[in-house]
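K.L.:
Requesting a structural model of the entry that follows:
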Amino acid sequence: MKVLVSDPVSEEGLAILRADPEMEVVVKTGMKPEELIAAIPEFEGLVVRSETKVTASVIEAAANLEVIARAGVGVDNIDVPVATRRGVVVVNSPFGNTMAAAEHTLALLMAMSRNVPQAHNSLSGGEWKRSKFMGVELYEKVLGIIGLGKIGSEVARRAQAFGMEVIADDPFISPELAQRMNVRLVPLKELLEQSDFITLHLPYKKGDPAVLGKSELAATKDGVRIINVARGGVVDETALAEALKSGKVAGAAIDVFSEEPPKDCPLIGMENVIVTPHLGASTEEAQVKVAVDVCEQVLDVLHGRPARSAVNMPAVRLEVLLELQPYLLLSEKMGKMHAALSQGPISEVEVEYSGEVFEREMGPVTYALLKGVLQPVLEEQVNLVNARMVAESRGIRVVESKSSTTEDYPTLITVKVKSKGGERLIAGTLFGHREPRIVRIDDYRVDFPPEGLLMLTMHHDLPGTIGKVGTILGSHGVNIAGMHVGRAHRGGRAVMALAVDDPIPAEVLAEVRKVPGMEEPRLVEL
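P.N.:
All right, here's what the predicted structure looks like:
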């Protein structure tokens, strides 16, 4: 498999890819858009930072692409919706540059409060003007943090060490957590009115309105100072420049811009503004962390394992993801069985998680189930990324539910699929928390591992039926590796799962179909 690295990435990360004998790593930076479009079809993986623009045209041209890795946090240079539609996993490193961004925020905060860059330039130019660069102290000032996530919380801890009072606006942080951090949660309006310094640490999607626009800046405390080490666009640059000129805002420190590199940004060159060229993650340590993080995820995706930080899949912690691996395997195989047994177009997939899995995040497991249901019957690629989107685009209703109790097993996954031919139920569990087992098909109790080649049949429980099927398979050289039969009562309908060592030709299935009492036999490869 081939991985293209189109932006400068730490060698420690690339070494992880190169150490895998199945990977060929091609490093080619500074490519023009047309060059990238021409080159990308032969690659399964693409690793970028912020310079490469992974547009819809690039993704549409990438016939074999499975994963795009952004060595950093922001993915605004990647067309994520198109990648999702094409089934391409987009991964990033949301925590690798946390400390670097937090420290850069504090560096700008201090440099701005004491006019460090301006004083340096003045003295370097031969001037000695101490009074011109009178600063302000951080001690006992109020720092307003908009976005109290990983970076925002680290900024809060460091600001408190300077004796600052920290308030924050973040609808996703509980009051209890904020209290443990010694941070007071307030609405944005109060934060604007009370803060001496305001720093922003939240995501931004191109086209969204600025978090600090003209009206928000007008509502701030007179003489406030603004720091932005988040994303360009969260602050309206034109409105901020006007507020700086009027004196409403005393100073600003800006690391990110709506256009990078900035061309006509009104903030560049203003005396009361400090600017840096997007250095928030630019430390040696951070670049190693994010490179290692995303390159490990590239290997995970290309080897068929879920990524821990995929932006177009449910976010799941690594330790939880490892626990879910057996469930992912089980649910995908249950989906494949449903695809083999369903008659006609599928209209609804209903999955119930019971028992020990009640409190777990099972979103990825549902995606794996849908992949198993859809992939065998569709020509397009279906994976954990686009499975739900593909299902919904075909009018398939997906229903999830949970129950804290189950009768016979510690945990149970029950899947009902409705199709034109009716409704079918398959239930599965894990033995010893690791071994997948199918334990029910419709009303029939069964017990077999979903693996290898299986012939699944529904038939009437008549004497000699199973023997006749075995004779037919044996006469054509098909060896039976295992068998399980489930029935509700003697003489009624029954289900049979035959594990076979070799594929069963269509003409042999046709012969099995002629056995008295036999319904449609189906072959499924698991």
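K.L.:
Name the next helix or strand downstream of the one helix or strand in the chain whose mean pLDDT sits lowest, please.
P.N.:
When each helix and strand of the chain is scored by mean pLDDT, DSSP states H and E, helix 387-393 comes last, with a mean of 79. Once helix 387-393 ends, the next helix or strand along the chain (criterion: DSSP states H and E) is strand 397-403.
K.L.:
Quick check: what element follows that following strand along the chain?
P.N.:
Heading C-terminal from strand 397-403, the first helix or strand you meet, by DSSP H and E, is strand 411-419.
K.L.:
any idea of the angle that next one forms with strand 397-403?
P.N.:
Relative orientation of strand 411-419 with respect to strand 397-403: 160 degrees, computed using axes from the mean of the first three to the mean of the last three Cα atoms, to 10 degrees.
K.L.:
For strand 411-419, give the mean pLDDT please.
P.N.:
Per-residue pLDDT values across strand 411-419 average out to 93.
K.L.:
Could you spell out the sheet neighbours of it, each with its direction?
P.N.:
According to DSSP bridges, strand 411-419 has the following sheet partners: strand 346-355 (antiparallel), strand 422-431 (antiparallel).
K.L.:
tell me what the helix or strand following the last one is packed against?
P.N.:
Read it as strand 422-431. Counting by DSSP H and E, the next helix or strand C-terminal to strand 422-431 is strand 435-441. Contacts defined by 3 or more Cβ pairs under 8 Å, 6 or more residues apart in numbering; DSSP states H and E place strand 435-441 against helix 318-341, strand 422-431, strand 444-448, strand 493-500. C-beta here means a position set from N, CA and C on the backbone, and glycine is covered the same way.
K.L.:
low-scoring stretches of this structure, by residue?
P.N.:
172, 314-319, 321, 379-381 (pLDDT under 70).
K.L.:
can I get the helices and strands packed on strand 435-441 in CSV with mean neighbour count and distance to Ser309?
P.N.:
Formatted as CSV, the helices and strands packed on strand 435-441 follow (neighbours: other Cβ atoms under 10 Å; distance: least, Cβ to Cβ, whole Å):
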stretch, mean neighbour count, distance to Ser309
helix 318-341, 20, 9
strand 422-431, 18, 26
strand 444-448, 16, 36
strand 493-500, 21, 38
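K.L.:
Would you reformat those as a markdown table and include distance to Lys402?
P.N.:
Below are the helices and strands packed on strand 435-441 laid out as a markdown table (distance: least, Cβ to Cβ, whole Å):
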| stretch | distance to Lys402 |
| --- | --- |
| helix 318-341 | 13 |
| strand 422-431 | 15 |
| strand 444-448 | 23 |
| strand 493-500 | 27 |
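K.L.:
And those: which comes nearest Arg180?
P.N.:
Nearest of the helices and strands packed on strand 435-441 to Arg180, taken as Cβ to Cβ: helix 318-341 at 22.0 Å.
K.L.:
just checking, what packs against the closest one?
P.N.:
Using 3+ Cβ pairs under 8 Å, 6+ apart as the contact test, the elements touching helix 318-341 are strand 346-355, helix 363-374, strand 411-419, strand 422-431, strand 435-441, strand 453-460, strand 522-525.
K.L.:
Just say which of the ones you listed is most tucked in.
P.N.:
Most buried of the helices and strands packed on helix 318-341, by mean neighbour count (mean count of other Cβ atoms under 10 Å): helix 363-374, with a mean of 25.
K.L.:
hmm, who's touching that one?
P.N.:
Applying Cβ atoms under 8 Å, 6 or more residues apart in numbering, the contact partners of helix 363-374 are 306, 313-314, 316, 321, 324, 327-329, 331-339, 346, 349, 351, 353, 382-385, 387-388, 390-391, 398, 400, 413, 415, 417.
K.L.:
same question, stretch 230-243
P.N.:
So stretch 230-243 is contacted by 74, 76, 147, 200-204, 206, 208, 210-214, 217-218, 220, 226, 228, 249, 252, 254, 256-260, 265-267, 270 (Cβ under 8 Å, 6+ apart).
K.L.:
which of those residues count as buried?
P.N.:
Buried members of the contacts of stretch 230-243, counted by 16 or more other Cβ atoms under 10 Å: 74, 76, 147, 200-204, 210-212, 217, 220, 226, 228, 249, 252, 254, 256-258, 265-267, 270.
K.L.:
I'd like the domain boundaries of the chain, if you could list them.
P.N.:
If you go by automatic domain parsing, the domain ranges for the chain are 2-94+285-302, 98-275, 316-450, 452-526.
K.L.:
Quick one: distance of the first one to the chain centre.
P.N.:
By that I understand domain 2-94+285-302. 15 Å (Cα atoms, centre = their mean, to the nearest Å).
K.L.:
Show me what the spatially most central residue of the chain bridges to in the sheet.
P.N.:
What sits nearest the mean C-alpha location of the chain, by Cα atoms, centre = their mean, is Ala310, with 2.3 Å. Counting by DSSP bridges, Ala310 is bridged to Val91.
K.L.:
Confirm for me that Glu216 is in contact with Leu192.
P.N.:
Yes - counting by Cβ atoms under 8 Å, Glu216 touches Leu192, with 6.0 Å between them.
K.L.:
Quick check: Gly125 vs Gln118, distance?
P.N.:
According to Cβ to Cβ, to the nearest Å, Gly125 and Gln118 sit 11 Å apart.
K.L.:
Compare these two (neighbour count), which wins?
P.N.:
Neighbour count, other Cβ atoms under 10 Å: between Gly125 and Gln118, Gln118 has more, with 19 against 7.
K.L.:
Go ahead and confirm the more buried one touches Phe133.
P.N.:
Yes - counting by Cβ under 8 Å, Gln118 does reach Phe133; the two are 6.0 Å apart.
K.L.:
Now for Val469: which residues touch it?
P.N.:
Shown in contact with Val469 (Cβ under 8 Å, 6+ apart): Thr457, Met496, Leu498, Val512, Val515, Met518.
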